[in-house]
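A.B. asks: Provided below are the primary sequence and the corresponding predicted coordinates.
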Amino acid sequence: MLPVLDEELIRHRIAKRIALDLENGSVVNLGIGIPTLVSDYIPEGVDVVFQTENGVVGAGPKPETTDWRFIGAGGRCLTIIPGGSLVASDTSFGLIRGGHLDATVLGALEVDQEGNLANWMVPGKMVPGMGGAMDLVTGARRVIIATTHVTKKGAPKIIPSCTLPLTGMAVVDTVVTEFALFRFVDGELTLFEIAPEVTVEDIKANTTAQFTVSPDLATMKGCDL
Amino acid sequence: MPITVIKPVVSATEAISYVKDGASVMVGGFNYGGVPYTLIEALCKAGTKDLHLIANDTVYADDRHPKGVGHGSLVVNGQVKKVTASHVGLNKETQRQYNQGTLELELVPQGTFVERIRAGGFGLGGFLTPTGVGTVVEEGKQIIEVEGKRYILELPLRADVALIKGHRADRYGNLTYYGTNRNFNPAMATAADLVIAEVDSVVEQGDLDPNEIVTSGIVVDILVLKGDSFYATRT
């Protein structure tokens, strides 16, 4: 059994770990949910430019005064940083598909050991649509997944082969959960970091995907929340 | 509607009278932003039906917004027979009618959605995109390999009418946009037989700086000043 952590702690821990993984000078798109929190944890001295699919390059924090003519992908008001710019949706997706984004951070319903991602529908139950996710996983240089390690019912989300309709094929670069950080190295899912509360055996017991353990296995960064 | 160089500024009710039952209607906007709310309110009031709604999303319809927000209301009112969109997750009524089998739903990745509209307005026969390769999106479509990489052939999308939201217009129909309200509006302005623009203000020709104009007036047919409803005034 995995330890039970506070739901807010889980969200912020995942967001913080991903924030520490973003390179100085990178252009990054954040999906809705946990990914939105990533911008709160960018370390001092690191410059990251946040892009939103609806047309902001250089999205900043929530404004002090609400102006609904400036919103982000989740429909909340935002500011534009000095030096930021506005583009139309066709240009925004040109930037996304055209390889001009260093990374995108997205949630997941399932991730598998081939790097496939499913995060946009559950047939017969939930048909929200893919929004911009399929373009993001196709165009961004790195696809970073922010997800709880298991479902609410305790079923693994990092599995041998996705069962739900795919968002993208062999697109995932990094997976961060509240307990582990995996990276794909030469196409192989590899465990690099684990949270202080768990052992590699705990991760193995709750991850049905095949993975190797990096010889440099370390304690997960950013767990000091 | 006669085509003129000086564009008519009419009421939303008159502008919407040109939208007929069964029309395909593009509506600008992303989530709350850049939706031509006044035109949509008039379209709801007119009760025009069997519409093919082409919009990025169907805004909101949920317990907090039971009548729907923006063009989400067209779905709630049962005026829509088909939706082409990238995301409908915030409009429970779109999902309910689709699951019930009374609404046709075509989901398109957002970048493909806007590029299909751009192709429709820019005279292209389609385009090749890597988005959706290996997913259900490629089903029934032609796959073309270019230099060893697989692409989906996506086809252009046009509409009978486009309802768009601009910031300022001059009487030639030239448009500027404000903030994130720009989104799909400039692309849609090129891809419909009749383009109706709701704007915050109309100025005389020559009063807009050509450097700031995003949509050329030659594609815009009718201008409507925004109304004073809650959503129309805040966007």
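C.D. replies: The structure has been received and is ready for your questions.

A.B. asks: neighbours around A:Ile10, how many?
C.D. replies: 17 (other C-beta atoms under 10 Å in any protein chain shown). All C-beta spots, glycine's among them, are computed from the backbone N, C-alpha and C.

A.B. asks: That one - that's part of a strand, no?
C.D. replies: No: read with DSSP: H, G, I helix; E, B strand; the rest coil, A:Ile10 is helix and lies in no strand.

A.B. asks: ok, it to chain B distance?
C.D. replies: For A:Ile10, the distance to chain B (C-beta to the nearest C-beta, to the nearest Å) stands at 22 Å.

A.B. asks: show me what contacts that residue?
C.D. replies: A:Thr148, A:Glu178 (C-beta atoms under 8 Å, 6 or more residues apart in numbering or on different chains).

A.B. asks: For it, give me the pLDDT.
C.D. replies: A:Ile10 carries a pLDDT value of 97.

A.B. asks: what's the closest non-adjacent residue to A:Ala218?
C.D. replies: Leaving aside its chain neighbours, A:Ala218 sits nearest to A:Glu193 (5.2 Å; criterion: C-beta to C-beta, 6 or more residues apart in numbering or on different chains).

A.B. asks: Using the three-state scheme, assign that neighbour.
C.D. replies: Quick answer, by three-state DSSP: A:Glu193 is strand.

A.B. asks: count of residues packed around it?
C.D. replies: A:Glu193 has 20 nearby residues by other C-beta under 10 Å.

A.B. asks: Likewise for the one 4 residues further on?
C.D. replies: The tally of other residues near A:Glu197 (other C-beta under 10 Å) stands at 14.

A.B. asks: Please determine whether the longest helix seen in chain B lies in contact with chain A.
C.D. replies: In chain B, assigned by DSSP state H, the helix with the most residues is helix B:110-121. Yes: residues of helix B:110-121 contacting chain A under C-beta under 8 Å from any C-beta of the partner chain: B:Gln110, B:Gly111, B:Thr112, B:Val114, B:Glu115, B:Ile117, B:Arg118.

A.B. asks: Quick check, pLDDT for B:Pro2.
C.D. replies: For B:Pro2, the model assigns a pLDDT of 54.

A.B. asks: show me the residues around the residue nearest the centre of chain B that make contact.
C.D. replies: Centroid-nearest residue in chain B, with C-alpha atoms, centre = their mean: B:Val27, separated by 2.1 Å. Counting by C-beta under 8 Å, 6+ apart, B:Val27 makes contact with B:Val35, B:Pro36, B:Ile40, B:Leu53, B:Ile54, B:Ala55, B:Gly70, B:His71, B:Ala162, B:Leu163, B:Ile164, B:Met188.

A.B. asks: Please report the distance of the fifth one from A:Gly83.
C.D. replies: In this structure, B:Ile54 and A:Gly83 are 34 Å apart, going by C-beta to C-beta, to the nearest Å.

A.B. asks: More neighbours: which of the two?
C.D. replies: When B:Ile54 is set against A:Gly83 and neighbours are counted by other C-beta under 10 Å, the residue ahead is B:Ile54, at 29 against 8.
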